[in-house]
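Trainee: Provide a 3D model corresponding to the input given below.
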Amino acid sequence: MKPVLLWTDGLVFLLLLAMATAVYLSGRNLQMRQQWREVFRSRLGMAAAIIVAAYLGVAVLDSLHFRPALAPTPALTGPAGNSAEIHYSPRVLSVLDLFFGELNDPTEKSYSRPFAAFAFSQESLTGPDGELVRAYPRLAYGGRHLEDPSKHLPADLLLKSLGAVGLGAGTGLAFAVVVAGLGWFFTRGRRTSWRRYMTELWRESSGLSWKTALFTFIGVCVTLAWLYQLSRWYHVFGTDKVGGDVLYHTVKSIRTGVLIGLLTTLVMLPLAITMGVSAGYFGGLIDDIIQYIYTTLNSIPGVLLIAAAVLILQVYMNNHPELFETEAARSDLRLLFLCIILGVTSWTGLCRMLRAETLKLRSLDYVEAARAFGVGNAVLLARHILPNVTHIVLISIALDFSGLVLAEAVLSYVGVGVDPSMPSWGNMINSARLELAREPAVWWPLAAAFVFMFILVLAANLYADVVRDAFDPRAALKK
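Mentor: Just a heads-up that it's a prediction; the model follows:
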């Protein structure tokens, strides 16, 4: 195989590095450490954080791309004779695709219901007596191991579900025990026995919601094991119009949704922090210019600006196809450009809040005293202003993430979002909306996209509420 690094892949790994650096710096700061402890002391915050982390883990697995090697073909190299020349597939796969196996490609002709063994529509088939009859044909993948699906399918689903639940619960519990063992090993200097250490964890003596973390993690493992194990035998969420597995497309769409939320934030933060803090601290002409910029930008309808930018990029890509080696590279550039446009159009709200907070901070006594002692502007901003607006930045990131995920779905629905060839919940909803008018209706592609997007947005919103309560000074005063 040949490793492939797309633009968004590099930004994902850069973002992971930034998150690791932020965790390290937060651990060295006593106030930040206490605030994050407040977040994970909350049962709701702990459960939501684990669910969001599971989505992020799937997105990371789907960001490790490669091109598989094709069958070697002999190539003439000169007098020495023939040698095998390696050619690579034009299709870019990810590590996540390896788990799905043959579900990467459409395996059926058209629609089929969830957990079905027969197609959704009738076809003309040759009966046992050689006559043509109208019947539902057997699926090529779903339930193919069953001799008589009408009799054996319910029992087979039950047995495989029980096995998957047991496997997921055992895996989650074993991983939790390993993590607890590593924690005890690295804190063995406290001379605490293993039994006492586990008792303290179970009683949550440290104040963190470890039991909630354990049960949530086991629930995530059970859900993933159930989906994966049953997907090896059935189409768990049915198939779409071209016979593709809906579960596969739904899981592949996680990367798009997560990247829209994270990479847009990565683009938005430098603009918002630089502009907002500069406007509030320096004031005067700088403040007037920055206010003029974000006021003008807010006066332009965001959807029209995004649509115009995406269409300009689309025309450029159509006129220069030689710049893209694979279809994935073309789709990836459109995704990156969409993140940039969303970041450029969504930084104004955070900028206004940072400007207002900086205006308040610069008039405080300790800032005035530091300025009287001759402390430079750069030191004042780094030591006194930026640390005191961090809570606003963190709260804004947590609150904006879910809104950006929904924005991608809406933009893809109206046709100005990600590339149609890229899996996304918006594209799934756009493709499935007309099928609801069928009789009977094809509801499962829309339901699958809705459920996965709903869980991510709900978990992100709940986590944002906990972060806001922990980091907002006004909330702390109310307590």
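Trainee: between the two ends of stretch 374-393, how far is it?
Mentor: Using C-alpha to C-alpha, to the nearest Å, one end of stretch 374-393 lies 28 Å from the other.
Trainee: report the buried residues of that stretch.
Mentor: Across stretch 374-393, burial judged by 16 or more other C-beta atoms under 10 Å covers 380-381, 384-386, 388-393. C-beta coordinates here come from the backbone N, C-alpha and C atoms, glycine included.
Trainee: show me this structure divided up by domain.
Mentor: Domain assignment for the chain by automatic domain parsing gives 146-231, 254-478.
Trainee: what's the end-to-end length of the shortest one?
Mentor: The first and final residues of domain 146-231 sit 15 Å from each other (C-alpha to C-alpha).
Trainee: next one: it to chain centre, how far?
Mentor: 22 Å (C-alpha atoms, centre = their mean, to the nearest Å).
Trainee: average pLDDT for that domain?
Mentor: For domain 146-231, mean pLDDT is 85.
Trainee: which one of the buried residues of stretch 374-393 is nearest residue 34?
Mentor: Nearest to residue 34 out of these is residue 391 (C-beta to C-beta; 12.5 Å).
Trainee: and the closest one, what helix or strand is that in?
Mentor: In the assignment (DSSP states H and E), residue 391 maps to helix 386-414.
Trainee: other SSEs contacting the helix or strand that that helix is followed by?
Mentor: Counting by DSSP H and E, the element after helix 386-414 in chain order, helix or strand, is helix 425-432. Here helix 425-432 touches helix 246-282, helix 386-414, helix 444-471, going by 3 or more C-beta pairs under 8 Å, 6 or more residues apart in numbering; DSSP states H and E.
Trainee: which of these is buried the deepest?
Mentor: Highest mean neighbour count of those: helix 246-282, a mean of 23 (counted as mean count of other C-beta atoms under 10 Å).
Trainee: name the SS class of residue 128, please.
Mentor: Following DSSP: H, G, I helix; E, B strand; the rest coil, residue 128 is assigned to coil.
Trainee: separation between it and residue 278?
Mentor: Relative to residue 278, residue 128 is positioned 81 Å away (C-beta to C-beta, to the nearest Å).
Trainee: could I get the buried residues of stretch 374-393 as TSV with distance to residue 55 and pLDDT?
Mentor: Below are those laid out as TSV (distance: C-beta to C-beta, whole Å; pLDDT from 0 to 100):
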residue	distance to residue 55	pLDDT
380	39	86
381	35	86
384	37	83
385	34	86
386	30	85
388	31	82
389	28	86
390	25	81
391	24	80
392	25	85
393	22	86
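Trainee: thought residue 412 was touching residue 423?
Mentor: No. In this structure, residue 412 is not within contact of residue 423 by C-beta atoms under 8 Å, at 10.4 Å.
Trainee: pretty sure residue 66 sits in a helix.
Mentor: No. Counting by three-state DSSP, one finds residue 66 to be strand, located in no helix.
Trainee: so for it, what's the pLDDT?
Mentor: 89.
Trainee: give me the neighbour count for the residue lying closest to it once chain neighbours are set aside.
Mentor: Leaving aside its sequence neighbours, residue 66 sits nearest to residue 1 (C-beta to C-beta, 6 or more residues apart in numbering; 4.4 Å). Residues within reach of residue 1, counting by other C-beta atoms under 10 Å, total 11.
Trainee: wait, residue 1 touches residue 67, no?
Mentor: Yes. Using C-beta under 8 Å, residue 1 is in contact with residue 67, at 6.6 Å.
Trainee: redo the helices and strands packed on helix 425-432 as a markdown table? Include distance to residue 228.
Mentor: Listed next are those as a markdown table, based on distance: least, C-beta to C-beta, whole Å:
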| stretch | distance to residue 228 |
| --- | --- |
| helix 246-282 | 9 |
| helix 386-414 | 23 |
| helix 444-471 | 15 |
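Trainee: by mean pLDDT, show me the worst of these.
Mentor: Mean pLDDT values for these show the minimum at helix 386-414, a mean of 81.
Trainee: report all helices and strands that that helix contacts.
Mentor: Applying 3+ C-beta pairs under 8 Å, 6+ apart, we find helix 386-414 packed against helix 246-282, helix 302-319, helix 327-346, helix 348-361, helix 425-432, helix 444-471.
Trainee: chain center to the longest one: distance?
Mentor: Distance of helix 246-282 from the chain centroid (C-alpha atoms, centre = their mean) equals 11 Å.
Trainee: all good on my end, thank you.
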